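Enquirer: just coords:
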Ligand code: NAD
(Lines give C-alpha, C1' and ligand atoms only; values in the text may rest on other atoms or scores of the structure.)
Protein backbone atom coordinates (compact mmCIF):
# COMPACT_ATOMS: atom_id res chain seq x y z
CA UNK A 1 0.00 0.00 0.00
CA UNK A 2 1.48 3.40 -0.94
CA UNK A 3 2.25 6.01 1.74
CA UNK A 4 -0.54 8.12 0.26
CA UNK A 5 -2.89 5.77 2.12
CA UNK A 6 -2.39 8.15 5.07
CA UNK A 7 -3.44 11.15 2.98
CA UNK A 8 -6.79 12.60 4.10
CA UNK A 9 -6.96 15.39 1.54
CA UNK A 10 -10.57 16.14 0.63
CA UNK A 11 -11.95 14.30 3.65
CA UNK A 12 -13.82 15.66 6.64
CA UNK A 13 -13.09 14.58 10.21
CA UNK A 14 -15.01 15.30 13.42
CA UNK A 15 -13.04 15.10 16.68
CA UNK A 16 -14.62 15.28 20.16
CA UNK A 17 -12.46 16.29 23.11
CA UNK A 18 -10.40 18.36 20.69
CA UNK A 19 -9.57 21.16 23.15
CA UNK A 20 -6.76 19.34 24.96
CA UNK A 21 -4.53 16.31 25.28
CA UNK A 22 -5.08 13.36 22.94
CA UNK A 23 -8.06 15.00 21.18
CA UNK A 24 -6.09 18.15 20.36
CA UNK A 25 -3.05 16.18 19.12
CA UNK A 26 -5.35 14.02 16.97
CA UNK A 27 -7.22 16.99 15.48
CA UNK A 28 -3.92 18.66 14.59
CA UNK A 29 -2.48 15.49 13.03
CA UNK A 30 -5.64 14.71 11.02
CA UNK A 31 -5.51 18.27 9.69
CA UNK A 32 -1.83 17.86 8.83
CA UNK A 33 -2.79 14.74 6.88
CA UNK A 34 -5.12 16.95 4.83
CA UNK A 35 -8.53 16.59 6.48
CA UNK A 36 -10.87 19.47 7.12
CA UNK A 37 -11.39 19.06 10.86
CA UNK A 38 -14.46 19.83 12.97
CA UNK A 39 -13.30 20.21 16.57
CA UNK A 40 -15.85 19.75 19.38
CA UNK A 41 -15.39 20.23 23.11
CA UNK A 42 -17.06 21.97 26.06
CA UNK A 43 -13.90 24.06 26.62
CA UNK A 44 -14.23 27.06 24.29
CA UNK A 45 -10.77 28.53 25.01
CA UNK A 46 -9.05 25.21 24.47
CA UNK A 47 -10.94 24.69 21.21
CA UNK A 48 -9.85 28.11 20.02
CA UNK A 49 -6.24 27.13 20.78
CA UNK A 50 -6.56 23.92 18.77
CA UNK A 51 -8.10 25.75 15.79
CA UNK A 52 -5.23 28.27 15.90
CA UNK A 53 -2.66 25.47 15.89
CA UNK A 54 -4.35 23.85 12.88
CA UNK A 55 -4.65 27.08 10.93
CA UNK A 56 -1.04 28.09 11.70
CA UNK A 57 0.02 24.84 10.01
CA UNK A 58 -2.10 25.61 6.96
CA UNK A 59 -5.08 23.43 7.85
CA UNK A 60 -8.80 24.09 8.07
CA UNK A 61 -10.72 23.86 11.34
CA UNK A 62 -14.23 24.56 12.51
CA UNK A 63 -15.13 24.59 16.19
CA UNK A 64 -18.27 23.45 18.03
CA UNK A 65 -18.57 24.31 21.72
CA UNK A 66 -20.78 21.59 23.17
CA UNK A 67 -21.11 18.93 25.80
CA UNK A 68 -21.01 15.42 24.34
CA UNK A 69 -23.78 14.33 26.73
CA UNK A 70 -26.13 16.73 24.92
CA UNK A 71 -27.30 14.40 22.17
CA UNK A 72 -29.20 17.06 20.23
CA UNK A 73 -26.33 19.57 20.20
CA UNK A 74 -23.83 16.89 19.18
CA UNK A 75 -26.13 15.61 16.43
CA UNK A 76 -26.63 19.11 15.05
CA UNK A 77 -22.87 19.76 14.98
CA UNK A 78 -22.17 16.44 13.24
CA UNK A 79 -24.94 16.98 10.69
CA UNK A 80 -23.48 20.40 9.87
CA UNK A 81 -20.55 18.51 8.27
CA UNK A 82 -22.87 17.41 5.43
CA UNK A 83 -20.32 14.75 4.50
CA UNK A 84 -18.30 12.91 7.14
CA UNK A 85 -15.37 10.56 6.49
CA UNK A 86 -13.86 10.24 9.97
CA UNK A 87 -15.30 10.36 13.48
CA UNK A 88 -12.81 10.37 16.36
CA UNK A 89 -14.82 10.18 19.60
CA UNK A 90 -12.15 11.08 22.14
CA UNK A 91 -13.78 13.27 24.83
CA UNK A 92 -13.66 11.69 28.26
CA UNK A 93 -13.22 12.31 31.97
CA UNK A 94 -11.26 10.51 34.67
CA UNK A 95 -12.86 9.30 37.86
CA UNK A 96 -11.44 7.15 40.62
CA UNK A 97 -13.21 5.75 43.67
CA UNK A 98 -13.09 2.38 45.44
CA UNK A 99 -16.04 0.09 44.64
CA UNK A 100 -17.37 0.31 48.19
CA UNK A 101 -17.39 4.12 48.10
CA UNK A 102 -18.81 4.55 44.59
CA UNK A 103 -22.00 6.57 44.51
CA UNK A 104 -24.75 6.39 41.89
CA UNK A 105 -24.02 9.96 40.80
CA UNK A 106 -20.34 9.09 40.08
CA UNK A 107 -21.37 6.12 37.96
CA UNK A 108 -24.02 8.13 36.09
CA UNK A 109 -21.66 11.05 35.38
CA UNK A 110 -18.84 8.86 34.07
CA UNK A 111 -21.13 6.61 32.01
CA UNK A 112 -22.87 9.67 30.56
CA UNK A 113 -19.66 11.29 29.32
CA UNK A 114 -17.38 8.32 28.64
CA UNK A 115 -19.94 5.93 27.20
CA UNK A 116 -23.10 7.75 26.14
CA UNK A 117 -21.11 10.69 24.72
CA UNK A 118 -19.21 8.21 22.53
CA UNK A 119 -22.39 6.32 21.63
CA UNK A 120 -24.17 9.49 20.46
CA UNK A 121 -21.15 10.49 18.34
CA UNK A 122 -20.94 7.01 16.77
CA UNK A 123 -24.67 6.81 16.07
CA UNK A 124 -24.83 10.20 14.38
CA UNK A 125 -21.60 9.65 12.43
CA UNK A 126 -22.72 6.23 11.16
CA UNK A 127 -26.14 7.63 10.18
CA UNK A 128 -24.52 10.40 8.17
CA UNK A 129 -22.01 8.04 6.51
CA UNK A 130 -24.83 5.62 5.57
CA UNK A 131 -27.03 8.42 4.25
CA UNK A 132 -24.23 9.76 2.03
CA UNK A 133 -22.87 6.31 1.13
CA UNK A 134 -19.46 7.20 2.59
CA UNK A 135 -17.08 4.34 3.40
CA UNK A 136 -15.94 6.12 6.55
CA UNK A 137 -13.90 5.32 9.63
CA UNK A 138 -15.05 5.68 13.24
CA UNK A 139 -12.44 5.68 16.00
CA UNK A 140 -13.40 5.46 19.67
CA UNK A 141 -11.22 6.00 22.74
CA UNK A 142 -11.16 3.18 25.29
CA UNK A 143 -8.34 2.74 27.83
CA UNK A 144 -5.84 0.24 29.15
CA UNK A 145 -8.17 0.22 32.18
CA UNK A 146 -10.31 -2.34 30.33
CA UNK A 147 -7.39 -4.79 30.57
CA UNK A 148 -6.18 -4.07 34.09
CA UNK A 149 -9.28 -3.28 36.15
CA UNK A 150 -6.98 -1.25 38.41
CA UNK A 151 -8.09 -0.14 41.90
CA UNK A 152 -10.55 2.76 41.85
CA UNK A 153 -11.38 2.26 38.20
CA UNK A 154 -14.88 0.77 38.45
CA UNK A 155 -16.78 3.69 36.83
CA UNK A 156 -14.07 4.66 34.36
CA UNK A 157 -13.30 1.07 33.36
CA UNK A 158 -16.99 0.10 33.07
CA UNK A 159 -17.59 3.01 30.69
CA UNK A 160 -14.50 2.12 28.64
CA UNK A 161 -15.49 -1.57 28.52
CA UNK A 162 -18.86 -0.42 27.18
CA UNK A 163 -17.02 1.60 24.53
CA UNK A 164 -15.17 -1.56 23.47
CA UNK A 165 -18.49 -3.43 23.19
CA UNK A 166 -20.00 -0.56 21.18
CA UNK A 167 -16.99 -0.59 18.85
CA UNK A 168 -17.17 -4.32 18.14
CA UNK A 169 -20.97 -4.36 17.79
CA UNK A 170 -21.15 -1.35 15.48
CA UNK A 171 -18.24 -2.71 13.41
CA UNK A 172 -20.30 -5.85 12.80
CA UNK A 173 -23.44 -3.90 11.98
CA UNK A 174 -22.00 -1.42 9.44
CA UNK A 175 -19.05 -3.33 7.97
CA UNK A 176 -21.03 -4.40 4.88
CA UNK A 177 -21.47 -0.73 4.05
CA UNK A 178 -17.68 -0.24 4.08
CA UNK A 179 -17.72 1.66 7.37
CA UNK A 180 -14.95 0.65 9.77
CA UNK A 181 -15.12 1.03 13.56
CA UNK A 182 -12.06 0.61 15.76
CA UNK A 183 -10.97 1.61 19.23
CA UNK A 184 -7.75 2.69 20.91
CA UNK A 185 -6.84 1.63 24.45
CA UNK A 186 -3.87 3.79 25.44
CA UNK A 187 -1.65 3.21 28.44
CA UNK A 188 -0.58 6.15 30.61
CA UNK A 189 -0.33 9.27 28.44
CA UNK A 190 0.97 12.61 29.73
CA UNK A 191 -2.02 14.96 29.20
CA UNK A 192 -3.92 17.55 31.25
CA UNK A 193 -6.13 14.64 32.40
CA UNK A 194 -3.34 12.63 33.99
CA UNK A 195 -1.57 15.73 35.28
CA UNK A 196 -4.79 17.00 36.90
CA UNK A 197 -5.85 13.63 38.27
CA UNK A 198 -3.13 12.95 40.79
CA UNK A 199 0.35 14.49 40.82
CA UNK A 200 1.64 11.73 43.08
CA UNK A 201 0.27 8.99 40.83
CA UNK A 202 1.76 10.80 37.83
CA UNK A 203 5.26 10.87 39.36
CA UNK A 204 4.91 7.26 40.53
CA UNK A 205 3.70 6.07 37.12
CA UNK A 206 6.40 7.94 35.21
CA UNK A 207 9.08 6.43 37.49
CA UNK A 208 7.61 2.94 37.15
CA UNK A 209 7.23 3.17 33.38
CA UNK A 210 10.82 4.33 32.96
CA UNK A 211 12.07 1.37 35.03
CA UNK A 212 9.69 -1.38 33.93
CA UNK A 213 7.95 -0.68 30.62
CA UNK A 214 9.60 -2.24 27.58
CA UNK A 215 9.83 1.19 25.94
CA UNK A 216 10.93 2.86 29.19
CA UNK A 217 8.68 5.92 29.18
CA UNK A 218 5.07 7.13 29.49
CA UNK A 219 3.22 8.11 26.34
CA UNK A 220 2.71 11.53 24.77
CA UNK A 221 -0.53 12.67 23.07
CA UNK A 222 1.17 12.35 19.67
CA UNK A 223 1.79 8.64 20.28
CA UNK A 224 -2.00 8.16 20.38
CA UNK A 225 -2.73 10.68 17.62
CA UNK A 226 -0.67 8.56 15.21
CA UNK A 227 -2.81 5.53 16.11
CA UNK A 228 -5.91 7.67 15.40
CA UNK A 229 -4.50 8.69 12.00
CA UNK A 230 -3.73 5.07 11.12
CA UNK A 231 -7.25 3.92 11.97
CA UNK A 232 -8.85 6.97 10.32
CA UNK A 233 -7.01 6.50 7.05
CA UNK A 234 -7.00 3.94 4.23
CA UNK A 235 -3.76 2.54 5.72
CA UNK A 236 -6.05 0.45 7.95
CA UNK A 237 -8.52 -0.42 5.16
CA UNK A 238 -8.76 -4.12 6.21
CA UNK A 239 -9.04 -3.43 9.95
CA UNK A 240 -12.33 -3.20 11.82
CA UNK A 241 -13.69 -4.11 15.25
CA UNK A 242 -10.16 -3.99 16.67
CA UNK A 243 -8.59 -2.46 19.76
CA UNK A 244 -5.18 -0.87 19.23
CA UNK A 245 -3.01 -0.49 22.34
CA UNK A 246 -0.40 2.29 22.25
CA UNK A 247 0.94 1.64 25.76
CA UNK A 248 4.72 1.36 25.54
CA UNK A 249 4.41 -2.39 25.95
CA UNK A 250 2.58 -2.39 29.25
CA UNK A 251 -1.14 -1.94 30.02
CA UNK A 252 -1.62 0.82 32.55
CA UNK A 253 -4.93 2.43 33.54
P1 LIG B 1 -7.85 15.60 28.72
O2 LIG B 1 -8.60 15.88 29.98
O3 LIG B 1 -6.48 16.11 28.61
O4 LIG B 1 -8.74 16.04 27.48
C5 LIG B 1 -10.09 15.62 27.42
C6 LIG B 1 -10.89 16.63 26.64
O7 LIG B 1 -12.26 16.19 26.64
C8 LIG B 1 -10.89 18.03 27.30
O9 LIG B 1 -10.64 19.01 26.33
C10 LIG B 1 -12.27 18.15 27.89
O11 LIG B 1 -12.76 19.49 27.93
C12 LIG B 1 -13.09 17.30 26.94
N13 LIG B 1 -14.32 16.84 27.57
C14 LIG B 1 -14.47 16.17 28.73
N15 LIG B 1 -15.77 15.97 29.00
C16 LIG B 1 -16.46 16.53 27.98
C17 LIG B 1 -17.84 16.66 27.69
N18 LIG B 1 -18.77 16.18 28.51
N19 LIG B 1 -18.20 17.28 26.54
C20 LIG B 1 -17.27 17.78 25.70
N21 LIG B 1 -15.95 17.71 25.93
C22 LIG B 1 -15.55 17.09 27.07
O23 LIG B 1 -7.84 14.00 28.57
P24 LIG B 1 -6.91 13.05 27.67
O25 LIG B 1 -5.92 12.43 28.58
O26 LIG B 1 -6.47 13.73 26.43
O27 LIG B 1 -7.98 11.92 27.33
C28 LIG B 1 -8.64 11.83 26.09
C29 LIG B 1 -9.32 10.48 26.02
O30 LIG B 1 -8.34 9.45 26.13
C31 LIG B 1 -10.32 10.23 27.14
O32 LIG B 1 -11.43 9.53 26.63
C33 LIG B 1 -9.55 9.38 28.12
O34 LIG B 1 -10.39 8.58 28.91
C35 LIG B 1 -8.70 8.55 27.17
N36 LIG B 1 -7.49 8.00 27.77
C37 LIG B 1 -6.53 8.80 28.30
C38 LIG B 1 -5.39 8.21 28.88
C39 LIG B 1 -4.29 9.03 29.48
O40 LIG B 1 -3.40 8.43 30.14
N41 LIG B 1 -4.26 10.33 29.33
C42 LIG B 1 -5.26 6.82 28.88
C43 LIG B 1 -6.26 6.04 28.33
C44 LIG B 1 -7.37 6.64 27.76
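Expert: Perfect, I can see it now. In this text the structure is predicted, and so the values were computed from the model without any measurement.
Enquirer: how about the residues of the stretch 151-253 of the chain near the ligand?
Expert: Counting by C-beta under 6 Å from any ligand atom, the stretch 151-253 of the chain comes close to the ligand at 186, 188, 189, 191, 192, 193, 194. In short, each C-beta sits where N, CA and C put it, glycine included.
Enquirer: what's the helix or strand for the last one?
Expert: Take DSSP states H and E as the rule and residue 194 turns out to sit in helix 192-197.
Enquirer: residue ranges with poor pLDDT in the stretch 151-253 of the chain?
Expert: For the stretch 151-253 of the chain, residues meeting the criterion pLDDT under 70 lie at 197-198, 251-253.
Enquirer: can you give me the helices for it?
Expert: With DSSP state H, counting those that start in this stretch as the definition, the stretch 151-253 of the chain shows helices at residue ranges 154-174, 192-197, 199-212, 221-232.
Enquirer: And for the last one, what's in contact with it?
Expert: Under the contact criterion C-beta atoms under 8 Å, 6 or more residues apart in numbering, helix 221-232 has outside partners 6, 8, 13, 21-22, 24-26, 28-30, 33, 35, 86, 88, 90, 137, 139, 180, 182, 184, 186, 189-191, 236, 239, 244, 246.
Enquirer: In the helix holding residue 194, which of the residues would be classed as buried?
Expert: For helix 192-197, burial by neighbour count (16 or more other C-beta atoms under 10 Å) applies to residue 194.
Enquirer: circling back: closest to residue 99 out of the helices of the stretch 151-253 of the chain?
Expert: For the helices of the stretch 151-253 of the chain, the distance to residue 99 is smallest for helix 154-174, at 5.1 Å, taking C-beta to C-beta.
Enquirer: What residues of the closest one count as buried?
Expert: Judged by neighbour count using 16+ other C-beta under 10 Å, the buried positions of helix 154-174 are 154-164, 166-168, 170-171, 174.
Enquirer: Same check on stretch 211-222?
Expert: Burial within stretch 211-222, assessed by neighbour count using 16+ other C-beta under 10 Å, is assigned to 213, 218, 219, 221.
Enquirer: same question, stretch 230-244
Expert: In terms of neighbour count (16+ other C-beta under 10 Å), stretch 230-244 has its buried residues at 230, 231, 232, 233, 234, 235, 236, 240, 241, 242, 243, 244.
Enquirer: Straight-line length of stretch 122-140, end to end?
Expert: Start-to-end span of stretch 122-140 (C-alpha to C-alpha, to the nearest Å) is 8 Å.
Enquirer: other SSEs contacting the helix or strand hosting residue 129?
Expert: With elements delineated by DSSP H and E, residue 129 resides in helix 117-132, which encompasses its position. When contacts are defined as 3 or more C-beta pairs under 8 Å, 6 or more residues apart in numbering; DSSP states H and E, helix 117-132 sits against strand 12-16, helix 71-79, strand 86-89, strand 137-141, helix 154-174.
Enquirer: would you turn those into TSV with distance to residue 120?
Expert: As requested, the helices and strands packed on helix 117-132 are arranged in TSV below (distance: least, C-beta to C-beta, whole Å):
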stretch	distance to residue 120
strand 12-16	9
helix 71-79	5
strand 86-89	9
strand 137-141	12
helix 154-174	11
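Enquirer: I'm done for today, thanks for sticking with me.
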